[in-house]
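Novice: okay, structure incoming, though there's no sequence with it:
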């Protein structure tokens, strides 16, 4: 919905002020949404030396080397990591939304989901907070809903499962996929674990 | 259809021109501020023109390397920083397109030191300025703008999602547009 009067309460505005806001509105519509900045570009390039060579730490030509370092680091800390995570008293960092995805029922209706996704952490984990409303409660104890990343309309990467309760359901997931590889999101209704991909209820 | 939008996350004070001049003296933090302001507009421009995320990432790297190298050539008396940065980015993107001997997804204008009048009306320039201006909004206003304009949600759904009254959504939208119009200035003329 990008109708100016639907979005902005213009009551009490002088005509020239309304015209100014409308021009800003028109430019926003014309510009479209800002692009999703990939993790490799999340920080300014590093100065490699006193000269003028700048390097992004995560750009493709360096990713293999980085992956080796990360793998080695994970191998070293793997044993102790669980203890640390389980016993750390440090406060979690505040969730900061970097991307928003909205999903609706394929045939209209009241079903709605909004995904708020934070920027990926240093190793590519994307934390997301999902709010779902309007989906019917599951009738069977084994049934659940599942969030997927899709490619060419097919559910490819599972991102998490949930059951709904009440009017709104809020769940948190963390996924480690490279989002640019995929082209959409869906939620399916799953009758039981191990079943094939169920009917799409949100897209 | 799912809609995906991204939210910038920074607030800003110093002018672009001042940052470019500071970067020219080797001021690393000024360069990082420029990066935070312009990484998204540069990436958007590169993506629009090259049509490939990987190549667009490389173009961003080349753009900022070029900014770092040539910041000393910026002359504030010739104009503000945004058009200069736009010209540097466009030239880097054109170079990348030509280096592969491939036709860019959107044929760029001839590379030049500064964008001419025709450039100012083109879609890329508008997106560049608007996305840059969005960085100036407070977080709560950016969030409302992104949801209201690009999420596909109705105003009522935005209000419900954010847990705020519908009137507050409209108030924030109006405040955000007012702030954007101030930042965009002559872009609105």
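Specialist: Nice, thanks for sending it over. Everything numeric here is computed off the predicted structure, so don't read it as measured data. Residues are numbered from 1 along each chain as shown, chains lettered A, B, ... in the order given.
Novice: helix/strand/coil for the nearest residue to residue A:162 once chain neighbours are set aside?
Specialist: Distances taken as Cβ to Cβ, 6 or more residues apart in numbering or on different chains place residue A:171 nearest to residue A:162, at 4.5 Å, with adjacent residues excluded. C-beta coordinates here come from the backbone N, C-alpha and C atoms, glycine included. The local conformation at residue A:171, judged by DSSP: H, G, I helix; E, B strand; the rest coil, is strand.
Novice: can you pull the contacts of residue A:171?
Specialist: By Cβ atoms under 8 Å, 6 or more residues apart in numbering or on different chains, residue A:171 lies in contact with A:129, A:130, A:132, A:160, A:162.
Novice: 7 Å instead?
Specialist: A:130, A:160, A:162 (Cβ atoms under 7 Å, 6 or more residues apart in numbering or on different chains).
Novice: which one (most neighbours) among those residues?
Specialist: Within the contacts of residue A:171, neighbour counts (other Cβ atoms under 10 Å in any protein chain shown) peak at residue A:130, which reaches 21 neighbours.
Novice: tell me the pLDDT at the residue nearest to the spatial centre of chain A?
Specialist: Closest to where the C-alpha atoms of chain A average out (Cα atoms, centre = their mean) is residue A:117, at 3.2 Å. In the predicted model, residue A:117 carries a pLDDT score of 84.
Novice: and residue A:87, by the same measure?
Specialist: pLDDT, residue A:87: 36.
Novice: the nearest residue to residue A:32 once chain neighbours are set aside: how many residues sit nearby?
Specialist: Counting by Cβ to Cβ, 6+ apart, residue A:32 lies nearest to residue B:127, which is 6.5 Å off, once chain neighbours are set aside. Using other Cβ under 10 Å, residue B:127 has 21 neighbouring residues.
Novice: quick one: the strands in chain A, in order.
Specialist: Under the criterion DSSP state E, chain A carries strands at the ranges A:46-47, A:54-55, A:97-104, A:112-118, A:126-133, A:144-151, A:154-162, A:168-175, A:184-190, A:200-202.
Novice: export the ones you listed to a markdown table and tack on distance to residue B:87?
Specialist: Supplementary listing: these in a markdown table, determined by distance: least, Cβ to Cβ, whole Å:
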| stretch | distance to residue B:87 |
| --- | --- |
| strand A:46-47 | 23 |
| strand A:54-55 | 19 |
| strand A:97-104 | 29 |
| strand A:112-118 | 33 |
| strand A:126-133 | 34 |
| strand A:144-151 | 37 |
| strand A:154-162 | 40 |
| strand A:168-175 | 39 |
| strand A:184-190 | 36 |
| strand A:200-202 | 44 |
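Novice: hmm, back to that, now, which of the contacts of residue A:171 sits nearest chain B?
Specialist: Checking those against chain B with Cβ to the nearest Cβ, the nearest one is residue A:130 at 11.4 Å.
Novice: low pLDDT regions in chain A?
Specialist: For chain A, the stretches with pLDDT under 70 are A:1, A:46-94, A:108.
Novice: recalculate using a threshold of 50.
Specialist: Along chain A, segments meeting pLDDT under 50 span A:48-52, A:60-92.
Novice: lowest-confidence helix or strand of chain B?
Specialist: In chain B, no helix or strand scores lower on mean pLDDT, DSSP states H and E than helix B:117-121, which sits at a mean of 48.
Novice: centre of the chain to the helix or strand that comes right after it, how far?
Specialist: Sequence-wise, the next helix or strand downstream of helix B:117-121 (DSSP states H and E) is helix B:123-134. In terms of Cα atoms, centre = their mean, to the nearest Å, the centre of helix B:123-134 is found 5 Å from the chain centre.
Novice: show me what helix B:123-134 is packed against.
Specialist: Secondary-structure packing of helix B:123-134 (3 or more Cβ pairs under 7 Å, 6 or more residues apart in numbering or on different chains; DSSP states H and E): helix A:15-31, helix B:28-50, helix B:81-99, helix B:166-184.
Novice: does chain A sit close to the longest one?
Specialist: Yep, that's helix B:28-50 we're talking about. Yes - for helix B:28-50, a contact with chain A is found by Cβ under 7 Å from any Cβ of the partner chain, at B:28, B:31, B:32, B:35, B:39, B:40, B:43, B:44, B:47.
Novice: what number of residues lie near the closest residue to residue B:34 other than its chain neighbours?
Specialist: Ranked by Cβ to Cβ, 6+ apart and with sequence neighbours excluded, the top spatial neighbour of residue B:34 is residue B:19, at 4.9 Å. Counted by other Cβ under 10 Å, the residues lying close to residue B:19 total 26.
Novice: list the contacts of the most centrally placed residue in chain B.
Specialist: Nearest to the mean C-alpha position of chain B, by Cα atoms, centre = their mean, lies residue B:41 at 2.9 Å. Each residue near residue B:41 by Cβ under 7 Å, 6+ apart is listed here: B:128, B:131, B:132.
Novice: ok, so of these, who is nearest chain A?
Specialist: Using Cβ to the nearest Cβ, the contacts of residue B:41 come closest to chain A at residue B:131, 4.3 Å.
Novice: returning to what we had before: in a markdown table, list the helices and strands packed on helix B:123-134 along with distance to residue A:167.
Specialist: Output for the helices and strands packed on helix B:123-134, formatted as a markdown table (distance: least, Cβ to Cβ, whole Å):
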| stretch | distance to residue A:167 |
| --- | --- |
| helix A:15-31 | 32 |
| helix B:28-50 | 36 |
| helix B:81-99 | 46 |
| helix B:166-184 | 18 |
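Novice: of the ones you listed, which is nearest residue B:65?
Specialist: Smallest distance to residue B:65 across the helices and strands packed on helix B:123-134 (Cβ to Cβ): 8.2 Å, for helix B:81-99.
Novice: buried sites along the closest one?
Specialist: Residues of helix B:81-99 classed as buried: B:81-94, B:96-97 (neighbour count, 16 or more other Cβ atoms under 10 Å in any protein chain shown).
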